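1. A structural model of the following input is requested.
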Amino acid sequence: MTFPIKITVNGKSHETEVDPRTLLVHFLREDCQLTGTHVGCDTSNCGACTVLLNGEAVKSCTVLTVQATNQEVQTVEGLAPPDGPYTPIQEGFRQEHGLQCGYCTPGMLMAGTALLNEIDNPSEEQIREHLEGNLCRCTGYEMIVRSIQWAAENPDGIPVEIGEGS
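-> Residues are numbered from 1 along each chain as shown. All right, here's what the predicted structure looks like:
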């Protein structure tokens, strides 16, 4: 049995039918071919699958695709165009070295984006609180927190084209 859905992902409308048990993370990766959203645990423990659902950070491994019908989803691929400038949060991660292996990065970027959409200049405590549930095994979070602080302090970012710089 399948259910019809209509969902907007990164500004693009998708109308299709899905198994009602399909998790949003699998729909994004398999049906939409948006593999930036990572599957880390499938149990809502790691945050690697964090996306924005109507602007709110959610772990897409806990959302059924049918629950997202008639809603807007933004993935890490929707932050900036492939040939466009980085968003402030992406530039912050670049400037402050907020990633190492990169596996948690999409979830951290989306959680940080949701925070900055809610609070213009969050404190370190607010950043750390907002990142709870997003795990990183590499950085110890210091550089991730600094990356989000950089984005808050530089809301216009630096107009560096992707591929330029270090």
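2. just give me how far the longest helix that the chain contains sits from the chain centre.
-> Criterion DSSP state H: the longest helix present in the chain is helix 105-118. Its chain's C-alpha centre and that of helix 105-118 lie 6 Å apart, by Cα atoms, centre = their mean, to the nearest Å.
3. again, but for stretch 131-140
-> From the chain centre to the centre of stretch 131-140 is a distance of 14 Å (Cα atoms, centre = their mean).
4. now do stretch 46-66
-> Distance, centroid of stretch 46-66 to centroid of chain: 9 Å (Cα atoms, centre = their mean).
5. next, the distance between the ends of that stretch.
-> Stretch 46-66 has an end-to-end distance of 23 Å (criterion: Cα to Cα, to the nearest Å).
6. list the buried ones in it?
-> 46-53, 57-61, 63-66 (16 or more other Cβ atoms under 10 Å). C-betas here are computed from N, CA, C, even on glycine.
7. which stretches of the protein aren't confidently modelled?
-> 159-166 (pLDDT under 70).
8. residue nearest the middle of it, spatially speaking?
-> For the chain, the residue nearest the mean C-alpha position is Met110 (2.7 Å; Cα atoms, centre = their mean).
9. gap between that residue and Glu15?
-> Computed as Cβ to Cβ, to the nearest Å, the Met110 to Glu15 distance reads 24 Å.
10. same question, Leu24
-> Distance of Leu24 to Glu15, given as Cβ to Cβ: 16 Å.
11. which one is Lys99 nearest to, not counting chain neighbours?
-> Slight slip there: residue 99 is Leu, not Lys. Using Cβ to Cβ, 6 or more residues apart in numbering and skipping residues adjacent in sequence, the residue nearest Leu99 is Thr105, 4.5 Å away.
12. how about the nearest residue to Gly133 once chain neighbours are set aside, what does it touch?
-> Nearest non-adjacent residue to Gly133, counting by Cβ to Cβ, 6+ apart: Gly47, 5.1 Å away. Counting by Cβ atoms under 8 Å, 6 or more residues apart in numbering, Gly47 makes contact with 40, 59, 104, 107-108, 111, 131, 133-135.
13. what is the nearest of those residues to Val76?
-> Proximity of these to Val76 (Cβ to Cβ) peaks at Gly107, which lies at 8.2 Å.
14. any idea how far that closest one lies from Gly84?
-> 22 Å.
15. quick one on the thing from earlier: secondary structure element for the residue nearest to Gly133?
-> Assigned by DSSP states H and E, Gly47 belongs to no helix or strand.
16. could you do the one 10 residues further on as well?
-> Per DSSP H and E: Ala57 is located in strand 56-59.
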